[in-house]
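> return a 3D structure for these sequence lines:
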Amino acid sequence: MAIIKPFKGVRPSRDKVALVSSKSYEAYTPAELGAKLDFNPFTFLHIINPGYKYHQEISGDQRFQMVHNRYEEFKENEIFLQDDLPSFYIYESSDFYSNFCGIIAATAVEDYKKGLIKKHEGTLQKREILFETYLKATGFNAEPVLLTYKDDQDFNTFIENVKKERPEYEFSTTDKKLHRLWLIQDPERVEKIISFFDGVNDLYIADGHHRSASSSLLADDLESENSNHTGQEAYNFFMSYLIPESHLEIAEFNRLVKDLNGLSTEEFLIELDTYFRIENKGPNLYKPSQKHHFSMYLDGEFYSLYLRKNLYKFDDALSRLDTEVLYRTILKPILGIEDLNHNNRIGYTHNKLDILSIKNNVDNGSYKVGFGVVPISIEEMKEIADAELKMPPKTSYIEPKLRSGLIMYEF
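Coordinates of the predicted model:
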C-alpha cells in the first residue's frame, strides 16, 4: 500500500517555463553553462549556481544559503508561482525515439523506511548528509526521485484520457524533446490516483537513491525539532516521479581501466583465458550481443569475451549481473580494483554515448582497456531490490532524466 499525496507545487509561470527549465548542472560543458548564465536571466541554473553574478566560486553553507536566496528572488519576481490547490502533475517528455510519462507526487518517507520503496544501489553516507544539509538550508527540492511500478492497463488508460486535454505546459527544448505537463486538482481524479497507488505493493527506485536517503535523514532531523509533529508535515514526504515499467529505459555503463596492473598485453590475455573464450575481432567497432558476453578494446583491437559458465559460480541475483561478473573475474582478481567507489584507475561511460566512446578513450591514452556490456533488464533490477542486494556502482543508465526547475517541493 503505497502512500502518495498531491502537493502545492512551486513552478515557473507558463510564459517562462521553457526559459527556466534546464538540464542537470553536470550535463553542460563550461562553455554551454556560461552562455546560459550570461544570456538567460530566467534559467534555473542561476539558482543552483548563485555565485555566478559575483564571479566567484561559492561552496558549503554559504552556497546553500545563497541558493535559498536566489530561489526566493525567483518567487518574489513571480518567475515562480505556487499552486493554490494541492495537485498531482502528469509530466510527459518525448522525442522521435521515446516517450516517457508519469505522475509527479509527494511520496511517504515512511514507505521508504519500511522497505515498500525498494532500492537496488548502495549510498555513500557522506553524500546523504551533504544533500540533507542542502535540503534543510534551501527549503525546497527540485529533483524528484524516479520511481517505477508495474503497468496497469486501466490506470494507463486513465492517464491517456487526461492527456487528451489541454496541458498547462507545452514546450520544446534544444535537444529536440517535447515537454508537456497537466495539473490534476479535481477531487475525483485526485482520489483515483491515491486509490490506485494504495493498491500498489512495491515501488522501485530507478534513479535517486541518495535523494531518497537524504529525504529520510531530513524527516528525522525536522521531526526532532518539532514538538508538535503530526506525521503530515511536508518533510514527511519527498517529491517523486512515478512511471510505469514500460516507460523506463535502461542503458549500460561500460568500464574503462587506466592500466593492466603491471601485466603485459600477452600476460593479461592469458589471465583472461581462465574465465573467458576470447576472439580477436580486429579494429572495427564491436558490441556484445547477450548476457555474459562482453566486448573488450585493447591496443587498437576489439575482442569478444564469452564467459566459461562451468567455471563461474552463479549463486544469487547479484552474481548473475554482468557488471558483477566483470568485477569478480577481471577487475578485482586480475586488475586489482577492489573498491569500485574509490579507485581512480576505473572510469565509466554510458552507452548513450555509443561504443565509440570506449575506443576514443583508449586511443587518446586516457585509459588502457575498455569493456562493453549489455544493459540489464527491469526484471534484473527488481530481482536485486527484492533480495535486498546492491548492484555495483554504475550498472545502469536509466531514463527519463527530468529537467530541473519544472516543479519545486517545499518543506
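> just the helices in the stretch 201-350 of the chain please.
For the stretch 201-350 of the chain, helices defined by DSSP state H, counting those that start in this stretch occupy the ranges 209-225, 265-272, 322-326.
> can I get those in JSON lines with distance to residue 3 and mean neighbour count?
C-beta coordinates here come from the backbone N, C-alpha and C atoms, glycine included. JSON lines is the format used below for the helices of the stretch 201-350 of the chain (distance: least, C-beta to C-beta, whole Å; neighbours: other C-beta atoms under 10 Å):
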{"stretch": "helix 209-225", "distance to residue 3": "13", "mean neighbour count": "19"}
{"stretch": "helix 265-272", "distance to residue 3": "50", "mean neighbour count": "15"}
{"stretch": "helix 322-326", "distance to residue 3": "33", "mean neighbour count": "22"}
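> any chance of a markdown table for those helices, columns mean pLDDT and distance to residue 203?
Listed next are these as a markdown table, based on pLDDT from 0 to 100; distance: least, C-beta to C-beta, whole Å:
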| stretch | mean pLDDT | distance to residue 203 |
| --- | --- | --- |
| helix 209-225 | 96 | 10 |
| helix 265-272 | 97 | 40 |
| helix 322-326 | 97 | 24 |
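> so can I have CSV of the ones you listed showing distance to residue 71?
Below are the helices of the stretch 201-350 of the chain laid out as CSV (distance: least, C-beta to C-beta, whole Å):
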stretch, distance to residue 71
helix 209-225, 17
helix 265-272, 52
helix 322-326, 38
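> how about residues contacting the helix or strand containing residue 381?
Taking DSSP states H and E as the definition, one finds residue 381 inside helix 378-386. Defining contact as C-beta atoms under 8 Å, 6 or more residues apart in numbering, one finds that helix 378-386 is touched by 118-120, 148, 202, 204-206, 245, 248, 250, 317-318, 320-321, 390-391, 396.
> neighbours of the residue nearest to residue 65 when sequence neighbours are not counted, how many?
Among residues not flanking residue 65 along the chain, residue 137 sits closest, at 6.0 Å (C-beta to C-beta, 6 or more residues apart in numbering). Neighbour count for residue 137, taken as other C-beta atoms under 10 Å: 16.
> same question for residue 250.
Using other C-beta under 10 Å, residue 250 is surrounded by 16 other residues.
> for it, what are its contacts?
Applying C-beta under 8 Å, 6+ apart, we find residue 250 in contact with 375, 376, 377, 378, 381, 396, 397, 398, 399.
> what confidence value was assigned to the fifth one?
pLDDT, the model's per-residue confidence, is 96 for residue 381.
> check the second one too.
You'll see residue 376 listed with a pLDDT of 94.
> for it, which three-state class applies?
Classification of residue 376 using DSSP: H, G, I helix; E, B strand; the rest coil returns coil.
> would you check that it makes contact with residue 394?
No. The criterion here is C-beta atoms under 8 Å, and residue 376 misses it with residue 394 at 11.6 Å.
> could you check which of those two is surrounded by more residues?
residue 376 (24 against 19).
> center of this structure, which residue is that?
Residue closest to the average C-alpha location in the chain (C-alpha atoms, centre = their mean): residue 207, at 3.4 Å.
> just give the nearest non-adjacent residue to that one, would you?
residue 146 (4.0 Å).
> quick one: the one you found is in a strand?
Yes. Counting by three-state DSSP, one finds residue 146 located in a strand.
> what number of residues lie near it?
Residue 146: 23 neighbours (other C-beta under 10 Å).
> confidence score at it?
The model's pLDDT for residue 146 equals 98.
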